[in-house]
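J.: Fold the following for me, if possible:
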Amino acid sequence: MTTDAEDALAERYEGRAEAGEAGFRQHSAAIIIEHWTGAQAGDGTRYTTEIPIVEARGQNPRIRWLTDEEIAVGGYAAKAVVDIGAITPPFAGGGTDLTPLNEMSTRDTAKVILRGHRHPNGASYRISQLSFKPLRNMLRAALIDEGTDG
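T.: Numbers count the residues shown, from 1 in each chain. This next block holds a predicted model:
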């Protein structure tokens, strides 16, 4: 049996999918974690895990490209920086588990791949910031490589 608070939270998470279902969220996003068997990243054999970032019912997340001014003031060297989220935590209707990012070792690397009309062949983004707040997990990432499909 669920509490009223749990029911309200599930309704809020379900509501996040409506923009995607209406066709407003045209870019997909996935976190790529590469684990290396050697002593540090780049050494040994590479194993890759892809974690799709989805809202309720498998819908794409909100992605906002920062303006040129925001990029300059933030001190980013990249020509494109994005905010992804709020990222819905896992629940019965969908969401994304970000726990693997917290469990990374020095032998692991992580990036985000975006695919959509701005990046039809995919583009790699370096994760520069994660914030975990109640109801508002966010991820900021800066463009590494465009058109490589990851």
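J.: When you work out contacts or count neighbours from here on, use the C-alpha atoms and nothing else.
T.: Noted.
J.: quick one, strands of the protein?
T.: Along the chain, the segments classed as strands by DSSP state E run 28-36, 46-53, 63-65, 81-87, 108-115, 123-131, 137-146.
J.: now those in TSV, with distance to E11?
T.: Formatted as TSV, the strands of the chain follow (distance: least, C-alpha to C-alpha, whole Å):
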stretch	distance to E11
strand 28-36	23
strand 46-53	19
strand 63-65	21
strand 81-87	15
strand 108-115	27
strand 123-131	22
strand 137-146	17
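J.: between the ones you listed, which one is nearest to E18?
T.: strand 81-87 (13.8 Å; C-alpha to C-alpha).
J.: tell me which strands and helices that closest one is in contact with?
T.: strand 63-65, strand 137-146 (3 or more C-alpha pairs under 8 Å, 6 or more residues apart in numbering; DSSP states H and E).
J.: Restricting to C-alpha, output that strand in PDB.
T.: This file holds the C-alpha atoms of strand 81-87, laid out as PDB (Å, rounded to 0.1, in the frame of the first residue of the first chain):
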ATOM      1  CA  VAL A  81      26.900  23.000 -23.100                       C
ATOM      2  CA  VAL A  82      23.600  21.300 -22.100                       C
ATOM      3  CA  ASP A  83      21.600  20.900 -18.900                       C
ATOM      4  CA  ILE A  84      19.700  17.600 -18.800                       C
ATOM      5  CA  GLY A  85      16.900  17.200 -16.400                       C
ATOM      6  CA  ALA A  86      15.200  17.300 -14.000                       C
ATOM      7  CA  ILE A  87      16.100  13.600 -14.300                       C
END
